[in-house]
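compute the structure for the input listed below.
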Amino acid sequence: MDDTDRWRDMASAPRDGSRILVTIRPSEQGPAEVDLAYWSNGDQFAGEGWRASDSSPGHIIEYAEPELKCWMPMPSANRTSMPSPWEGDDDQELYGSGI
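Numbering: from 1, shown residues only. A predicted model of the protein is given here:
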């Protein structure tokens, strides 16, 4: 498996404005899903935090830290489908055996 094709802990996600894939935790609004997001340092429209990439002035889609389970770098252009959301347990490691 390519190193870019694995989910990682949100604590290691880049906060430089680059676009990443994120797993949104399941909630009463629906099952877990994948979205394209980026870290914003804040502006006149909203404060700092994670935003969906399809946000626009006047329509900011923000994610609270607890809503996001993990992240993955953007896949290569030759990928044909979106990865599935991470479905492991919260206390389970996102990668590696933990041994």
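
contacts and neighbour counts: CA atoms only from here.
Fine.

could you give the mean pLDDT of the host helix or strand of V22?
Element membership for V22 (DSSP states H and E) is strand 20-24. When pLDDT is averaged over strand 20-24, the result is 95.

now stretch 51-67
For stretch 51-67, the per-residue pLDDT averages 87.

so what strands line up beside the strand holding V22?
Strands that pair with strand 20-24, judged by DSSP bridges, come out as strand 33-40 (antiparallel), strand 68-73 (antiparallel).

got JSON lines for those strands, with distance to G88 and mean neighbour count too?
Shown next, in JSON lines, are the strands paired with strand 20-24 (distance: least, Cα to Cα, whole Å; neighbours: other Cα atoms under 10 Å):
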{"stretch": "strand 33-40", "distance to G88": "13", "mean neighbour count": "20"}
{"stretch": "strand 68-73", "distance to G88": "10", "mean neighbour count": "22"}
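
and of the ones you listed, who's closest to R51?
Taking Cα to Cα, strand 33-40 is the member of the strands paired with strand 20-24 nearest to R51, at 5.5 Å.

which parts of whichever helix or strand comes after that closest one are buried?
The helix or strand immediately downstream of strand 33-40 is strand 49-52, counting by DSSP H and E. With burial defined by 16 or more other Cα atoms under 10 Å, the residues of strand 49-52 counted as buried are 50-52.

how far off centre is strand 49-52?
In terms of Cα atoms, centre = their mean, to the nearest Å, the centre of strand 49-52 is set 9 Å apart from its chain centre.
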